[in-house]
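Novice: would you be able to build a 3D model of this:
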Amino acid sequence: AKSSEFWKKIELPDGADVEYVCIGVKASNYFMPAETLSDKGPGGGGWIHFNKYMQVTKKDGTVWCDGTVFAVGDCNYGCLGAPPNWEMPPVPK
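Specialist: The predicted structure follows:
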């Protein structure tokens with residue numbers, strides 16, 4: 001986001017340190033450590049694990065990088081929990 005008003009509104013007046021924009025059908029998360037990526041899923045896996053706060057997590061569910069990194073959009077695994085007790089059911093990719 002280039003709007004200074006946006007960054008002020010979310011209390012990051014200097015903006016984000018780094019933004020990655022990944023677009024496409026297959027996960028483009030090669031820059032993330034393996035401990036944060038799924039082994040399975042659409043396209044053979046490689047989707048970022050996350051929690052209900054959109055924080056990146058390790059495969060075991062613990063937050064990665066002290067919870068300061070977020071996975072928003074098509075880069076994340078797309079669901080939380082497991083059937084039949086989904087916390088957030090799968091989002092179509």
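Novice: and stretch 38-58, which residues are buried?
Specialist: Across stretch 38-58, burial judged by 16 or more other CB atoms under 10 Å covers 38, 41-42, 46-51, 55-57. Glycine gets a C-beta too; all of them are placed from N, C-alpha and C.
Novice: that stretch: how far from the chain's middle?
Specialist: Its chain's average C-alpha position is 7 Å from that of stretch 38-58, according to CA atoms, centre = their mean, to the nearest Å.
Novice: ends of that stretch, what's the gap?
Specialist: End-to-end span of stretch 38-58 (CA to CA, to the nearest Å): 9 Å.
Novice: and the helix or strand of the chain with the lowest mean pLDDT, what other elements does it pack with?
Specialist: The helix or strand of the chain with the lowest confidence, counting by mean pLDDT, DSSP states H and E, is strand 80-82 at a mean of 85. Judged by 3 or more CB pairs under 8 Å, 6 or more residues apart in numbering; DSSP states H and E, the packing partners of strand 80-82 are strand 85-88.
Novice: that older thread, relative to Val21, which of the buried residues of stretch 38-58 is nearest.
Specialist: Ile48 (14.1 Å; CB to CB).
Novice: for the least confident helix or strand of the chain, buried residues please.
Specialist: For strand 80-82, the neighbour count (16+ other CB under 10 Å) marks Leu80 as buried.
Novice: before we move on, the earlier item: report the two of the buried residues of stretch 38-58 separated the most.
Specialist: The largest separation in the buried residues of stretch 38-58, counting by CB to CB, is between Pro42 and Gln55 at 21.7 Å.
Novice: tell me the spacing between Gly45 and Asp17.
Specialist: Distance, Gly45 to Asp17, by CB to CB, to the nearest Å: 27 Å.
Novice: before we move on, what about Phe70?
Specialist: Taken as CB to CB, the span from Phe70 to Asp17 is 12 Å.
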